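what would the 3D arrangement of this be:
(one chain, ligands or ions: 1)
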Amino acid sequence: MLAALAETGNPSSVHALGRRARAAVEAARAAVAARIGAVPGGIVFTSGGTEANNLALRGLGGPVLVSAVEHDSVREAADALEIIPVDRDGVVDLAWLERRLATAPAVLVSVMAANNETGVIQPVAEAARIARAAGVPVHCDAVQAAGRIPVDMAAWGVDMMTVSAHKLGGPVGAGALAVRHGIAPVPLLRGGRQESGLRAGTENVAAIAGFAAAASAAAPDDGRIAALRDGLEARLRAAVPDIEIHGARAARLPNTSCVGMAGVPAETQVIALDLAGVAVSAGAACASGKVRTSPVLAAMGMAPEAAGSAIRISLGWNTTAADVERCVAAWVALWARTRGPRAAAGAA
Ligand code: PLP
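Okay, here's the model as predicted:
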């Protein structure tokens, strides 16, 4: 990124500086494509995952079938939305999808690779097989999965795939929509021919270079993060018998844990952990900092009270055993504090 910032070239310029910037962008396209099994020529750089999801879904008309646990940037981008339900573990109902596509047309199916709140991994390849059999193209939001588990757009049979740099260790403000040849999303920005005419505006070369470096470095977890997360959950379960770990029966990302402390609002848990130097989110981390009932947990059949006491713990490539220790200690201490007075009142 520093090397790219030191250059002043615009990738669309024909002079030497411009050609160097163009080379950096094209190298980045290849690096990002390699991470997700896409074709370099199909990579459209955007400002992030939100924009890529909007590029994939907006302006298509409908119906667009999206899973009930998609990120807001998918659910709110579709013009005419129909929800594919999920089961109690948060996994999309493929039988519903098959029945739905057998009875009525659709313009797109969108199923995420892994959920941002629970880490639950979706059967994307199976969903794509069903959709393609019905002649319907498929979009996959792989923002949470890329760089954590193997992601392969070609092998999964997906037509468009979203990725975001900051979820795999790159800078905030860069992302991409990978588009299969022959698929034509509707541009959100006009007024330039950049990015194959799909995203007008001079490319953010430094952020794109950072995205590429992160995409190359972010190999899927080799078991270290999964072991830390499983250890964290085992310790929490041992200390708190009635703990709920949402989505734990399904296949999940190695780094995510969505845990509930019955009767204690998520915000209280977030504050207690923050005081101990541990940064976690309450359900969906909202841009405004406000917390609302998670549509993801609601779609999994959870009552608002239970959903409101769930926090999301995410481990990163640099999370250590000591970090996990601190998190467990602070959470269990809060649990003991909140149970203490009640237990005492019960005894009295
Ligand atoms: N999709 C998912 C699953 C996400 O978790 C996020 C962000 O958290 C996004 C899309 C949006 O990505 P960005 O923050 O790059 O706009």
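
quick check, A214 in a strand?
No: secondary structure of A214 (DSSP: H, G, I helix; E, B strand; the rest coil): helix, not part of a strand.

please enumerate the helices of this structure.
Taking DSSP state H, the helices of the chain run over residues 2-6, 16-36, 49-57, 72-75, 94-103, 124-133, 153-156, 205-217, 224-239, 266-275, 295-299, 304-307, 321-347.

out of those, the one nearest S110 is which?
S110 lies closest to helix 72-75 among the helices of the chain, at 5.5 Å (C-beta to C-beta). C-beta here means a position set from N, CA and C on the backbone, and glycine is covered the same way.

quick one: that closest one near the ligand?
Yes: judged by C-beta under 6 Å from any ligand atom, helix 72-75 and the ligand are in contact via S73.

what does that helix rub up against?
Outside helix 72-75, the residues that touch it by C-beta atoms under 8 Å, 6 or more residues apart in numbering are 49-50, 53-54, 57, 66, 81, 110, 112, 139, 141, 284, 295.

and it, which residues are buried?
73-75 (16 or more other C-beta atoms under 10 Å).

do the same with stretch 173-191
Using 16+ other C-beta under 10 Å as the test for burial, stretch 173-191 gives 173-180, 183, 185, 187-188.

just the CA trace of it, in PDB.
Only the C-alpha atoms of stretch 173-191 are listed here, as PDB (Å, rounded to 0.1, in the frame of the first residue of the first chain):
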ATOM      1  CA  GLY A 173     -12.900   0.600   2.000                       C
ATOM      2  CA  ALA A 174     -12.000  -2.000  -0.700                       C
ATOM      3  CA  GLY A 175     -14.000  -5.000  -1.900                       C
ATOM      4  CA  ALA A 176     -14.900  -6.800  -5.100                       C
ATOM      5  CA  LEU A 177     -17.700  -8.400  -7.000                       C
ATOM      6  CA  ALA A 178     -16.400 -11.400  -9.000                       C
ATOM      7  CA  VAL A 179     -18.600 -11.800 -12.100                       C
ATOM      8  CA  ARG A 180     -18.700 -14.800 -14.300                       C
ATOM      9  CA  HIS A 181     -18.400 -14.200 -18.000                       C
ATOM     10  CA  GLY A 182     -21.800 -13.600 -19.600                       C
ATOM     11  CA  ILE A 183     -23.400 -12.200 -16.400                       C
ATOM     12  CA  ALA A 184     -24.300  -8.500 -16.600                       C
ATOM     13  CA  PRO A 185     -24.900  -6.700 -13.300                       C
ATOM     14  CA  VAL A 186     -26.400  -3.200 -13.500                       C
ATOM     15  CA  PRO A 187     -23.800  -0.500 -12.800                       C
ATOM     16  CA  LEU A 188     -24.500   1.600  -9.700                       C
ATOM     17  CA  LEU A 189     -22.000   4.300 -10.800                       C
ATOM     18  CA  ARG A 190     -21.900   5.700 -14.300                       C
ATOM     19  CA  GLY A 191     -19.600   8.200 -16.000                       C
END
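
which ones are touching A178?
By C-beta under 8 Å, 6+ apart, A178 lies in contact with 32-33, 36, 38-39, 42-44, 153, 160-163.

which one is it nearest to, not counting chain neighbours?
For A178, ignoring the flanking residues on the chain, the nearest one in space by C-beta to C-beta, 6 or more residues apart in numbering is A38 at 3.7 Å.

now do the same contact list for the one you found.
A38 makes contacts with 32, 153-154, 161, 178, as judged by C-beta under 8 Å, 6+ apart.

flag every residue of the stretch 51-200 of the chain that's near the ligand.
53, 71, 73, 112, 116, 141, 143-144, 164, 175.

try it again with 8 Å
51-53, 70-71, 73-74, 112, 114-116, 141, 143-144, 162, 164-167, 172-173, 175 (C-beta under 8 Å from any ligand atom).

and these, which are buried?
Restricting these to buried positions leaves 51-53, 70-71, 73-74, 112, 114-116, 141, 143-144, 162, 164-167, 173, 175, with burial counted as 16+ other C-beta under 10 Å.

just the ones of those in strands?
Among those, the residues falling in strands (DSSP state E) are 141, 162, 164, 175.

mind listing what the first one touches?
If I follow you right, that is D141. Applying C-beta under 8 Å, 6+ apart, we find D141 in contact with 49, 53, 70-71, 73-74, 110, 112-113, 161-162.

quickly list what it is bridged to.
T162 (DSSP bridges).

quick check: closest non-adjacent residue to D93.
The nearest residue in space to D93 (C-beta to C-beta, 6+ apart) is P85, at 4.9 Å.

any idea of the pLDDT on that neighbour?
For P85, the pLDDT comes out at 98.

circling back to that earlier point, and the contacts of A38, which are buried?
Buried among those (16+ other C-beta under 10 Å): 32, 153, 161, 178.

how far off centre is stretch 233-245?
25 Å (C-alpha atoms, centre = their mean, to the nearest Å).

cool, stretch 222-230 as well?
19 Å.

which among the ones in strands among the buried ones among the residues of the stretch 51-200 of the chain next to the ligand gets closest to A227?
The closest of those, once distances to A227 are taken by C-beta to C-beta, is S164, at 25.7 Å.

quick one, what contacts that closest one?
Taking C-beta under 8 Å, 6+ apart as the test, what S164 contacts is 48-49, 52, 143, 174-175.
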